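Colleague: here are the coordinates; sequence isn't available:
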């Protein structure tokens, strides 16, 4: 088989792979805008084929192959080859300050003992206790303490497409920086507090499906959390990349509902749950050494990589060897279709 035939075959295979990844929502359809803008390469390829028909005929399909790879790579990096229609990225920062409020608590205080009683005889002491029975009862004292108004937070992130990141802490209740290219993806925050618990909902306006809105949205949702607040996190998204380091935070529950996804999580050093419901996905969960874990898997066609610290039970349930003796315990529940799953200890 000649080099020309190999390159032609590779070009056809590459086009098929791109279409497959598009249909699985792993690769954005916007890559085709860049590919179509390079259509003059077809003419260049034909010209090379006519000039070097015999000796260097493999150059023609090589030009097409390199052009496709370049266009796809540019699309993945957010580069729009049509410089005249370059789209600026907008950035919006959402955050909530920590509000301190006074809280009054009732404290039971034991009665003070009279030091002179110890010097009295047993009879005289008994008489005094009989006369002062009421004064020996415990008293209720009110004490005022200044505490954060928000001690727990429910955080719901809902974006059709985007890359989610969490790594750094903040002294605030939360901080969220959202970058986007289209006004439809401008973030909207709904915020309320009830009984020391904040409810935070970050989302965007409904987006109609059109070719224009699939041109590299490049949404990035970067989150920061407070180390002292207890959180429940819910992420709802379509095609997504999620990189969340929960190990620094008190996360009782982290739930992810997505389509095609690349999910990388470091589990929290806190008692709680991680729930993932995904379609085509690559899932990597790293667990700190002081955390015991039970893993429940409900997967279709999947590749599972569980490290040696796990023992398999019935019905695709795995339990870590340190579960009973660990400082913290988590439950990991994964419901995924075509997936590659790796769960391991740090």
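Modeller: Looks like it arrived, so ask away. Note that the structure is a prediction, hence the values are computed from the model and not measured.
Colleague: residue contacts, residue 146?
Modeller: Listed by C-beta atoms under 8 Å, 6 or more residues apart in numbering, the contact partners of residue 146 are 100, 101, 102, 103. (Glycine included, C-beta is placed from N, CA and C.)
Colleague: Just give me the neighbour total for the third one.
Modeller: Residue 102 is flanked by 8 other residues according to other C-beta atoms under 10 Å.
Colleague: and what of the second one?
Modeller: By the criterion of other C-beta under 10 Å, residue 101 has 11 neighbours.
Colleague: Could you say which helix or strand holds it?
Modeller: In this structure, residue 101 sits in strand 100-109 according to DSSP states H and E.
Colleague: just the helices in this structure please.
Modeller: The residue ranges that make up the helices of the chain, judged by DSSP state H, are 3-23, 31-37, 40-51, 59-76, 122-131.
Colleague: Compare the mean pLDDT across those and name the weakest.
Modeller: Ranked on mean pLDDT, the bottom entry among those is helix 122-131, at a mean of 47.
Colleague: So for residue 189, what's the nearest residue that isn't a sequence neighbour?
Modeller: If the residues on either side of it in the chain are set aside, residue 189 comes closest to residue 94, at 5.0 Å by C-beta to C-beta, 6 or more residues apart in numbering.
Colleague: Same question for residue 245.
Modeller: Leaving aside its chain neighbours, residue 245 sits nearest to residue 266 (4.5 Å; criterion: C-beta to C-beta, 6+ apart).
Colleague: Retrieve the pLDDT associated with the one you found.
Modeller: Per-residue pLDDT puts residue 266 at 97.
Colleague: now swap in residue 104 and tell me
Modeller: The predicted local confidence for residue 104 is 79.
Colleague: cool, and the one 5 residues further on?
Modeller: At residue 109, the predicted lDDT confidence score is 67.
Colleague: ok, now residue 233?
Modeller: The confidence metric pLDDT takes the value 98 at residue 233.
Colleague: Identify the bridge partners of it.
Modeller: On DSSP bridges, the residues paired with residue 233 through beta bridges are residue 155, residue 254.
Colleague: Isn't it up against residue 254?
Modeller: Yes. The pair formed by residue 233 and residue 254 meets the contact definition of C-beta atoms under 8 Å, at 4.7 Å.
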